[in-house]
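1. pasting the structure only:
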């Protein structure tokens, strides 16, 4: 079965350190890839997305992600995190052979990023 | 500014009762979605709609129903609430044409506790 795997459920990091949140997906066809962020007691909002073209995608709040087709990965990175980046981050895919419709998102289980002072 | 709202934000109900969660968006989006979020499962799709009078089942649709009578609203009904439906529910919307490239905009969520 197709899936999205977020390899770390929790990532603790100190303020101003770099961070990488890992995401792998399984698909035999092209997909669209997304990272969403959920701050405490809020809904999700889009950080960035990859549709086509350059494999390095820049998003809001200094985050970026790199699409690697051969490794079927879409890891999220930030060179220097802030306390305000503490949140849960979700990788998601759509298109390809996922779900009952191409427009639907399949989410990973999430990674909780905890930034410590 | 356009937005998507959910009500109530918190709800406690008893097993067997019918519950309806409201979702209203002012984006004028054709596509609307209901998800549930549970620890260890991420977000799972319950139902979705690609336009007025269109509804479709998602991954975890058993025990839930939706109807779409206008563009702005997609209420979610739990026909007979069960403890397994205790969860946080999110509504989302995206614009046509629903080919998977669109950003989904999420509401703030409804916390439902079924006793």
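-> Cool, the structure landed. What you see is a predicted model; the values in this text were computed from it and never measured.
2. alpha carbons only for contacts and neighbour counts from here, please
-> Fine.
3. quick one: low-confidence parts of chain A?
-> A:1-2, A:28, A:96-103 (pLDDT under 70).
4. flag every residue of it that's near chain B.
-> Counting by C-alpha under 8 Å from any C-alpha of the partner chain, chain A comes close to chain B at A:32, A:41-46, A:51, A:90, A:94-95, A:100, A:102-110.
5. can I get the buried part of those residues as one ChimeraX selection?
-> This is the ChimeraX syntax for the buried subset of those, where burial follows 16 or more other C-alpha atoms under 10 Å in any protein chain shown:
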select /A:32,43,44,45,46,51,90,94,95,102,103,104,105,106,107,108,109,110
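6. residue B:84 looks like it's in a helix, true?
-> Yes. Counting by DSSP: H, G, I helix; E, B strand; the rest coil, residue B:84 is part of a helix.
7. count the residues that sit near it.
-> 10 (other C-alpha atoms under 10 Å in any protein chain shown).
8. so what's residue B:69 up against?
-> B:52-53 (C-alpha atoms under 8 Å, 6 or more residues apart in numbering or on different chains).
9. quick one, what contacts residue 44?
-> Here I'm looking at chain A. Residue A:44 neighbours (C-alpha under 8 Å, 6+ apart): A:36-38, B:105-108.
10. other chain: chain B
-> A:106-107, B:35-37, B:59-60.
11. again with residue A:113
-> A:10-13, A:85-89.
12. show me what it is bridged to.
-> In this entry, residue A:113 is beta-bridged to residue A:11, residue A:87, by DSSP bridges.
13. point out the residues in chain B that sit beside chain A.
-> Near chain A, when you scan chain B using C-alpha under 8 Å from any C-alpha, you find B:40-44, B:58, B:90, B:98-109.
14. circling back: take the contacts of residue B:44 and keep only those in helices.
-> Among the contacts of residue B:44, DSSP state H puts none in helices.
15. now for those: which two are most distant?
-> With C-alpha to C-alpha as the measure, no two of these lie farther apart than A:107 and B:60, at 13.5 Å.
16. any weak-confidence spans in chain B?
-> Residues of chain B that meet the cut-off, pLDDT under 70, sit at B:97-98.
17. okay, which residue is most central for chain B?
-> Nearest residue to the geometric centre of chain B (C-alpha atoms, centre = their mean): residue B:34, 2.7 Å.
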